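Chemist: Let's see this in three dimensions:
(4 chains)
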Protein chains: 4
Amino acid sequence: MATIPAPAATTDQREAFYERIADFHLAPLWTRLRSLVPAEPAPCGVPCCWHYDALRPYLMESAALITAAEAERRVLILENPAFPDGSRISPTLYAGLQLIMPGEIAPAHRHTQSALRFVLEGHGAYTAVDGEKTLMEPGDFVITPSWTFHHHGNESPGPMVWLDGLDIPLVGAFNATFREDHDRPEAAVSRPDGDSLARYGMGLLPVGYRRQSLNSPIFNYPYARTREALGVLARNGDPDPHAGHLMRYVNPVDGGWAMPTMATMIRLLPDGFATRPCRSSEHMVFVGVEGVVTLQAGEHTFTLGPRDVAAVPGWTRHTLAARGEAVVFAFSDRVAQEKLGLFRESRE
Amino acid sequence: MATIPAPAATTDQREAFYERIADFHLAPLWTRLRSLVPAEPAPCGVPCCWHYDALRPYLMESAALITAAEAERRVLILENPAFPDGSRISPTLYAGLQLIMPGEIAPAHRHTQSALRFVLEGHGAYTAVDGEKTLMEPGDFVITPSWTFHHHGNESPGPMVWLDGLDIPLVGAFNATFREDHDRPEAAVSRPDGDSLARYGMGLLPVGYRRQSLNSPIFNYPYARTREALGVLARNGDPDPHAGHLMRYVNPVDGGWAMPTMATMIRLLPDGFATRPCRSSEHMVFVGVEGVVTLQAGEHTFTLGPRDVAAVPGWTRHTLAARGEAVVFAFSDRVAQEKLGLFRESRE
Amino acid sequence: MATIPAPAATTDQREAFYERIADFHLAPLWTRLRSLVPAEPAPCGVPCCWHYDALRPYLMESAALITAAEAERRVLILENPAFPDGSRISPTLYAGLQLIMPGEIAPAHRHTQSALRFVLEGHGAYTAVDGEKTLMEPGDFVITPSWTFHHHGNESPGPMVWLDGLDIPLVGAFNATFREDHDRPEAAVSRPDGDSLARYGMGLLPVGYRRQSLNSPIFNYPYARTREALGVLARNGDPDPHAGHLMRYVNPVDGGWAMPTMATMIRLLPDGFATRPCRSSEHMVFVGVEGVVTLQAGEHTFTLGPRDVAAVPGWTRHTLAARGEAVVFAFSDRVAQEKLGLFRESRE
Amino acid sequence: MATIPAPAATTDQREAFYERIADFHLAPLWTRLRSLVPAEPAPCGVPCCWHYDALRPYLMESAALITAAEAERRVLILENPAFPDGSRISPTLYAGLQLIMPGEIAPAHRHTQSALRFVLEGHGAYTAVDGEKTLMEPGDFVITPSWTFHHHGNESPGPMVWLDGLDIPLVGAFNATFREDHDRPEAAVSRPDGDSLARYGMGLLPVGYRRQSLNSPIFNYPYARTREALGVLARNGDPDPHAGHLMRYVNPVDGGWAMPTMATMIRLLPDGFATRPCRSSEHMVFVGVEGVVTLQAGEHTFTLGPRDVAAVPGWTRHTLAARGEAVVFAFSDRVAQEKLGLFRESRE
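Modeler: Numbering: from 1, shown residues only, chains lettered A, B, ... in the order given. So this is what the prediction gives:
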């Protein structure tokens, strides 16, 4: 094989070539290869923390500015400072705080995006999904599967607030969003509170049951039960050095993650326990549930108390240290990354 | 339940509120809900066609401008006119034409992205992946799995051109890209041409074989074999009204798509056959292999001959009509959409 | 093609031939084809019922005859009358009543066979499996997976009785039985009561958990929880006409049956509800839990009250009719039949 | 806990008890436990070998005794000497040599049992399954899935002989056999030879294809292709010390075994290569294809040439040693054992 002499083209010749081919919707890869395919993820989004107590007054003020009905969803988006007006907390995830006041109804609609609710404050407001209503309590993890009609209501005397987590940017990357409004504010409810938990979440499944979607058919994973599981796990064994007592919410139909695009997890950290540093390609959102945790993420240090929310972008080295026994909920895009072969983790 | 009076806030009051909360990295959802969650995908990318004969001179000119070694990959990106400098043919996909001249070597590297090669012109250049070399012929579909070292070489007397398809924008949406250059231009080759096809593609698997990745272990799906299958299918049955005789490349380990992020397919359209209109949420890239096809995509009409490439963005109504028996290769992001619960199709 | 004249061989000639080839370990298929491959299953086993109250005195008498330690397992086998000395309740299944008296220990061993326990009488005896102990209550369904060390003990003041269900004949058909005795009567117990239920049965799984076997990692499915699920199911919907409110115990790791060879199910029949006739290829064992059911199986009619056991061989037409609300547990070889492609059901 | 004094029952008292409870269809487990649940499989069936050349004259003689039409299937059963009149070659498997003479048709029927054919002698007879006909050549592996109508015919000038392998005893253990005769000797054939191989066996699947059964949709795995795969495997790597170059026939739909109850495999042993001793719980049937192999199984030594058949019962230590390069086909019940959690292997 003959040796290939390097072409003698000058920079100018090349630039002229690039201009000519642009008319044909062609571009050289070689000038872009290193930025398109970098050696490591460059930071995308910054670590950030939202303290509930500081935000709550604004949330309540929003109730005076707009009704749930007018807003369709009265939500304050938690926007990553790196993406102003980006409506995202991380490259792939959306998070917001939703408020529903006594007597209000957030009208029924459905959309391609999957949504999770993690209840922060209040008792007894409900979400209705696909004909079933669930009353929600703090710490409950509630799923609104893709393309199911859902509305929210509050028949309790106090306000109710939960964290919304959605895959809006992820679905947006595929440009595959569909939405449909229901013709009435409230979709019909035909099954009572707790039906799906009894039907699918007690270690049994109805014989002949066939899955309807990639989401778990359990609609509300109540905190009381989750907390009991964490307590037993903590009493009976040692925490994982990098994660603590970490459990994932599970779809009983296949044992996989509860939702097809967003991984949802909860962990208990014993008093004084600190995780060893690790980083992974997933974009994480943490929510304090019990106790106080010091979250170190890259150069940032946050104190995460109950109801506080923090974002840690992918491939950011981070640790969690508990003062007193602590419980932390989290969601991320890990499940999507795993399915696509992209998930990567580095434990120190 | 009492009726909720609508809050009396003025537009100005609301705007002032939005400004105040922005300091806390908060934003109202209600002003953005309709654009974040639209009723249907708005067009994202435009249908576009690249005629090989028109592009080929520029491709050959590029050989005089830069060597494969200097370029690392001498590729002209097919860039969707809707995304200038976007380095993508559709929202989630990258495509380019790669040229390798006699005697050249495109040096070894690996990256998170999966790559497919569909051979357009030339005989006998090779790709080496993970210790195996495959000689390539027109119509061959070759896989470079995520994170496997690969290099290309051409020991034949003529130039070789293939279409590269990668999931660069899709992986980019997760900000989960890693790349590593090999310390030598050519990674070691320990298995001869055809090994993986014999090992995994003959209806058998070695007892005890364990999958290494989510990609098919078959590295080259030769066109001769694919064409034979299409021929039999066409002789023995009727084409699908919306798709023709459409087959998908398969991972023998699990029967799923051959690659974890990109769906790869090939179809035969009998002489005179025209598909009924359909649209789906996947972003498609078509490549002509045999015969001539009229591709109608939205308002655009393209004539797709051998080696021509066309992009049809998601949710664009389209049809294919064959003049003479035609074979068309295609790839799309359907497999990723299916796994995430996003794929949707409408057949008329 | 020429017509083939029928060979003129006489019966004697054929018989002589059969004798000659027998020396070579050959035999003609044609004389046996109809019996080897019958048009339908011929009855194999008969429907039979065991009334607990009638058996209990003998069970207690056995305690005076042999200790648990001497017996290794003090069990009275429920033997199908069609198979005297066959040690089976149906062609593929074994069932027995196991008694453990206060202070006794049934020593630790392990075997290839999977075992289920369904508790009939007593409170607070335990089974220990693989380092975990579970206290058992009536109605609890407990799994002893294949090849796990297990022993039973009774620290309560009264006798304890449960139904043992094993796949002994099924495993026997493969001649694939292994057994090992532990070197001590009691294997070490390292995890407290309830650990596996909390760890695997609360809608969560520990992140990083990897399955150890084909059995569910939940070791005891407590009746209190099962009964709650049945109650909700019954309140919120209509019973299946052929099955009532029928649920299956589930392996949370994959959503499949809880055990790899034996299907385990429980159903609620509303007061006055009678199932429509059906038959299936599975061999069923029913156990009354609450209420009274009339079981019609072929020509037999049985009254199944709490703790009564009945066998219904495969392909026997049967119905269940409840007097008062009734709950019935069942196990069968359905899961094995499904995996092997043998399960068949006919609903009238 | 108080010590339990051993009951003072005499043997006579116990025997009397056993007699009394027998009336209630009860039996003591403790007198049978050791035999029901042995420490290791006791030999069940003996190793045995059938030399084709010795049997062929009888096979041909059978053609003079009975027609294919009269016999329905003209087959000489290979009967394990340990089970006279048992119609089985091993505890779970049936094997026989089927002869079809020029012009004959073995009439169409279907049954629950799955059947495999491994062609030994002749060219160009056919099997028709489910509307497709395949012409068979020596070494071809052909599947007749459970409950599909099939008939055989011979339009060639010479006799054709193949090995039939069926799961008759295994299905018999479940008493789940159904059979139906077609109303005509020949079921309709609507697809030509080779259709299923092209459709499902070329590394592609038709988009939208849904599996019809647990069997591979590939109907004939032709030897020419299999041999090519074995040759490449042997040239490019080292044999497994216990198995040689061992491959399994695969279901392209899920990557699992080609059949749901019987594992089918083929191996190449290089000239002079001998496997190390191993034993497993599966019952194996070996068929010589090329070359000569010395099979040592327990105390038996057999010389296995082309078309010779040997049975090795489960848990029998065995080795294979090749004189000249050899190819050996095998089938076993391994796939059923794996699904049920029973498979066990010991490699020395």
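Chemist: just the helices in the stretch 1-150 of chain A please.
Modeler: Secondary structure of the stretch 1-150 of chain A (DSSP state H, counting those that start in this stretch): helices located at A:11-22, A:33-36, A:52-65, A:68-71.
Chemist: Need the contact partners of the last one.
Modeler: Same thing as helix A:68-71. Helix A:68-71 is contacted by residues A:74, A:99-101, A:104-107, A:152, A:185, B:4, B:6-7, B:28-30, B:33 when judged by C-beta atoms under 8 Å, 6 or more residues apart in numbering or on different chains. In short, each C-beta sits where N, CA and C put it, glycine included.
Chemist: ok, now with 7 Å
Modeler: A:74, A:100-101, A:104-107, B:6, B:30 (C-beta atoms under 7 Å, 6 or more residues apart in numbering or on different chains).
Chemist: Filter these down to the buried ones.
Modeler: A:74, A:100-101, A:104-107, B:30 (16 or more other C-beta atoms under 10 Å in any protein chain shown).
Chemist: Now do the helix or strand where residue A:311 lies: everything it contacts.
Modeler: Residue A:311 belongs to strand A:309-312 when assigned by DSSP states H and E. Contact with strand A:309-312 is made by A:45, A:47-50, A:78, A:80, A:89-90, A:95, A:163, A:284-287, A:295, A:297, A:302, A:304, A:318, as judged by C-beta under 7 Å, 6+ apart.
Chemist: 6 Å instead?
Modeler: With contact meaning C-beta atoms under 6 Å, 6 or more residues apart in numbering or on different chains, strand A:309-312 is reached by A:47-50, A:80, A:89-90, A:284-287, A:295, A:297, A:302, A:304, A:318.
Chemist: Could you tell me which of these belong to strands?
Modeler: Among the contacts of strand A:309-312, the residues falling in strands (DSSP state E) are A:48-50, A:284-287, A:295, A:297, A:302, A:304, A:318.
Chemist: Taking those together, which two end up most distant?
Modeler: Using C-beta to C-beta, the ones in strands among the contacts of strand A:309-312 reach their maximum pairwise distance at A:50 and A:318, which is 16.6 Å.
Chemist: So the two - more neighbours on which side?
Modeler: Each of residue A:50 and residue A:318 has its neighbours counted (other C-beta atoms under 10 Å in any protein chain shown); residue A:50 has more, 24 against 21.
Chemist: in the helix or strand harbouring residue A:331, what counts as buried?
Modeler: Secondary structure from DSSP H and E places residue A:331 in strand A:318-332. By 16+ other C-beta under 10 Å, the buried positions in strand A:318-332 come out as A:318-322, A:325-332.
Chemist: now those residues as JSON lines including distance to chain C and pLDDT?
Modeler: JSON lines is the format used below for the buried residues of strand A:318-332 (distance: C-beta to the nearest C-beta, whole Å; pLDDT from 0 to 100):
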{"residue": "A:318", "distance to chain C": "16", "pLDDT": "98"}
{"residue": "A:319", "distance to chain C": "17", "pLDDT": "98"}
{"residue": "A:320", "distance to chain C": "14", "pLDDT": "98"}
{"residue": "A:321", "distance to chain C": "19", "pLDDT": "98"}
{"residue": "A:322", "distance to chain C": "18", "pLDDT": "98"}
{"residue": "A:325", "distance to chain C": "16", "pLDDT": "98"}
{"residue": "A:326", "distance to chain C": "17", "pLDDT": "98"}
{"residue": "A:327", "distance to chain C": "13", "pLDDT": "98"}
{"residue": "A:328", "distance to chain C": "13", "pLDDT": "98"}
{"residue": "A:329", "distance to chain C": "12", "pLDDT": "98"}
{"residue": "A:330", "distance to chain C": "10", "pLDDT": "98"}
{"residue": "A:331", "distance to chain C": "13", "pLDDT": "98"}
{"residue": "A:332", "distance to chain C": "11", "pLDDT": "98"}
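Chemist: Mind picking the two most distant members of these?
Modeler: A:325 and A:332 (23.1 Å).
Chemist: Off-centre distance for the strand holding residue A:311?
Modeler: Offset of strand A:309-312 from its chain centre (C-alpha atoms, centre = their mean, to the nearest Å): 10 Å.
Chemist: now do stretch A:132-152
Modeler: The answer for stretch A:132-152 is 15 Å, by C-alpha atoms, centre = their mean.
Chemist: right, is that stretch up against chain C?
Modeler: No. Using C-beta under 6 Å from any C-beta of the partner chain, stretch A:132-152 stays clear of chain C, with a minimum separation of 9.0 Å.
Chemist: Among the contacts of helix A:68-71, which one sits closest to chain D?
Modeler: residue A:107 (37.4 Å; C-beta to the nearest C-beta).
Chemist: Identify the residue nearest that closest one in space, chain neighbours excluded?
Modeler: Of all residues not flanking residue A:107 in the chain, residue A:185 sits nearest, at 4.0 Å (C-beta to C-beta, 6 or more residues apart in numbering or on different chains).
Chemist: That neighbour: how many residues sit nearby?
Modeler: 15.
Chemist: With residue A:179 instead?
Modeler: 17.
Chemist: Over to the residue nearest to residue A:107. Which of the three states is it?
Modeler: coil (DSSP: H, G, I helix; E, B strand; the rest coil).
Chemist: thinking again about what came up before, would you mind finding the most buried of the helices of the stretch 1-150 of chain A?
Modeler: Most buried of those by mean neighbour count (mean count of other C-beta atoms under 10 Å in any protein chain shown) is helix A:68-71; its value is a mean of 19.
Chemist: Can you get me a residue count around whichever residue of the stretch 1-150 of chain A sits closest to chain D?
Modeler: Closest residue of the stretch 1-150 of chain A to chain D, C-beta to the nearest C-beta: residue A:147 (21.3 Å). Residue A:147 has 19 neighbouring residues, counting by other C-beta under 10 Å.
Chemist: burial measure for the closest residue to chain D within the stretch 151-300 of chain A, as a count.
Modeler: Per C-beta to the nearest C-beta, residue A:210 is where the stretch 151-300 of chain A lies closest to chain D, at 14.3 Å. Other residues near residue A:210 come to 6 when the count uses other C-beta under 10 Å.
Chemist: Show me what from the stretch 51-200 of chain A comes close to chain C.
Modeler: Taking C-beta under 6 Å from any C-beta, the part of the stretch 51-200 of chain A that reaches chain C is made up of A:191, A:195, A:198.
Chemist: List phi and psi for the last one.
Modeler: Just to be clear, that refers to residue A:198. Dihedral pair for residue A:198: phi -70, psi -40, per degrees, to the nearest 10.
Chemist: can you tell me which residues contact residue A:285?
Modeler: By C-beta under 6 Å, 6+ apart, residue A:285 lies in contact with A:89, A:95, A:311, A:331.
Chemist: So what does residue A:307 have for phi and psi?
Modeler: Dihedral angles (degrees, to the nearest 10) for residue A:307: phi 80, psi -10.
Chemist: Just give the number of residues close to it.
Modeler: Going by other C-beta under 10 Å, the residues that sit close to residue A:307 add up to 22.
Chemist: Find the nearest non-adjacent residue to it, please.
Modeler: Nearest one to residue A:307, counting by C-beta to C-beta, 6+ apart, is residue A:52 at 3.6 Å.
Chemist: looking at it, that neighbour is touching residue A:305, isn't it?
Modeler: No. With contacts counted by C-beta atoms under 6 Å, residue A:52 stays clear of residue A:305, the gap being 7.7 Å.
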